[in-house]
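>>> Here is a sequence together with a model predicted from it:
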Amino acid sequence: MFDEQIILITGATGSWGHELVKQLLAKNPKEIRIFSRNEASQVAMQRKFKDDRLRFIIGDIRDKDSIVTACHQVDLLFHLAALKHVPVCEDQPLEALKTNVIGTQNVIEAAIVNEVKKVVNISTDKAANPANFYGMTKAISEQLITHANLLTEKTKFVTIRGGNVLGTSGSVIYVFKEQIETTGKVSITDKRMTRFFLTIEEAIQLVFKATESSEGGEIFVMKMPTCRIVDLAYVLIEESQRKDVEIIELGIRPGEKVHELLFSENESLNTVIYDDNYYVILPTRHFPSLQEKYHDCPIVETKSYSSKDHLMTKSEIRQLLKKGGFLH
């Protein structure tokens with residue numbers, strides 16, 4: 001699917017983008033276009049990869065003309081660009097709306113104009129039953145992506161919904177490690193808090209699988225291990241071998257949930273078990289091709305997919321951190 005293809009990645013200079021590019025380069029693409037706003041990040045990425053198949057384009061998904069131009073002759077588009085920090089989106093909701101909603105619609109229209117074969121939208125667990133503005137914008141962008149399949153038969157649009165990926169920029173692991181080393185005080189908003197986690201390498205492999213398997217219109221939900229954030233902190237403290245580290249509870253920030261969902265109770269009515277790695281949320285509108293493709297997939301029996309269920313033990317968390325290269 002990727003061989004000799006021209007691929008565009010929006011928001012490509014972040015952690016997801018770096019790993020996505022790294023794995024795509026091994027699949028023999030003709031060209032990978034890196035589309036983002038940050039000049040310095042693009043220069044750093046260019047120096048890191050040193051690959052002639054990479055083409056760097058300064059642009060913003062808020063600017064429809066720039067994304068339309070960047071999509072010229074593109075075969076496959078990965079849409080990663082977003083404002084994603086919950087407190088930032090709570091404080092500046094209009095900016096989140098411009099990027100996450102209007103920007104996504106610009107990507108859709110650019111893909112349709114240029115007859116891109118497939119658009120893969122990377123979403124988040126916070127879009128399931130959203131409790132903050134970031135989640136709301138991503139939920140709307142998911143619906144826009146699904147609806148786009150009704151506008152054209154030449155471009156397929158699919159969403160992939162995941163949780164927290166270990167090692168991405170701003171990851172809690174780096175925050176905890178720095179706090180352990182510098183202050184000896186680890187800050188946690190609520191000790192009950194749980195989250196979904198996956199390594200960046202595994203996340204991209206799952207993205208590829210969904211990209212290849214999707215029909216268009218569905219939301220692929222990654223199956224991900226879950227843990228208590230406080231248990232993650234305890235493992236990192238134990239590995240540091242410091243005896244004087246204190247855990248401080250700050251209180252939940254505006255828009256923050258104690259537990260996250262990868263699909264809600266309402267979505268479970270249209271969610272099927274695809275395989276060992278994925279659930280698929282089917283649209284409530286009738287898509288004949290989707291009904292046919294997933295006809296033999298069983299409907300999920302659980303009412304929702306919550307991070308409070310099936311929690312990892314500290315030993316399992318330690319193994320996940322080792323697999324991700326965060327522990328030696």
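Thanks, I have it. Residues are numbered from 1 along each chain as shown.
>>> remind me which residues of this protein are low pLDDT?
Along the chain, the parts satisfying pLDDT under 70 run over 169-170.
>>> Show me the helices in the stretch 51-200 of the chain, by range?
Along the stretch 51-200 of the chain, counting by DSSP state H, counting those that start in this stretch, helices occupy 64-70, 86-91, 93-96, 103-113, 133-148, 172-182, 200-213.
>>> Can you add distance to Lys48 and mean neighbour count and give the ones you listed back as CSV?
All C-beta spots, glycine's among them, are computed from the backbone N, C-alpha and C. Formatted as CSV, the helices of the stretch 51-200 of the chain follow (distance: least, C-beta to C-beta, whole Å; neighbours: other C-beta atoms under 10 Å):
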stretch, distance to Lys48, mean neighbour count
helix 64-70, 21, 18
helix 86-91, 26, 17
helix 93-96, 29, 16
helix 103-113, 25, 23
helix 133-148, 28, 22
helix 172-182, 19, 16
helix 200-213, 15, 19
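>>> need those helices in a markdown table with distance to Gly251, can you?
Below are the helices of the stretch 51-200 of the chain laid out as a markdown table (distance: least, C-beta to C-beta, whole Å):
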| stretch | distance to Gly251 |
| --- | --- |
| helix 64-70 | 40 |
| helix 86-91 | 13 |
| helix 93-96 | 22 |
| helix 103-113 | 32 |
| helix 133-148 | 19 |
| helix 172-182 | 16 |
| helix 200-213 | 30 |
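>>> of all the ones you listed, which lies closest to Met193?
helix 172-182 (10.1 Å; C-beta to C-beta).
>>> Convert the C-alpha atoms of the closest one to PDB, please.
Extracted in PDB, the C-alpha atoms of helix 172-182 (Å, rounded to 0.1, in the frame of the first residue of the first chain):
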ATOM      1  CA  VAL A 172       4.100  12.200  31.900                       C
ATOM      2  CA  ILE A 173       7.100   9.800  32.000                       C
ATOM      3  CA  TYR A 174       9.500  12.700  31.200                       C
ATOM      4  CA  VAL A 175       7.700  14.900  33.700                       C
ATOM      5  CA  PHE A 176       7.900  12.300  36.500                       C
ATOM      6  CA  LYS A 177      11.600  11.500  35.700                       C
ATOM      7  CA  GLU A 178      12.600  15.200  35.900                       C
ATOM      8  CA  GLN A 179      10.700  15.700  39.100                       C
ATOM      9  CA  ILE A 180      12.300  12.700  40.700                       C
ATOM     10  CA  GLU A 181      15.800  13.800  39.700                       C
ATOM     11  CA  THR A 182      15.500  17.500  40.500                       C
END
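>>> Find out how far it is from the centre of the chain, if you would.
In terms of C-alpha atoms, centre = their mean, to the nearest Å, the centre of helix 172-182 is found 23 Å from the chain centre.
>>> With stretch 27-37 instead?
18 Å.
>>> So what would you say the end-to-end distance of that stretch is?
Distance between the boundary residues of stretch 27-37 (C-alpha to C-alpha, to the nearest Å) amounts to 26 Å.
>>> Give me the contact list for it.
2-13, 17, 21, 24-25, 42, 45, 53-61, 67, 70, 74, 81 (C-beta atoms under 8 Å, 6 or more residues apart in numbering).
>>> Nothing else from me, thank you.
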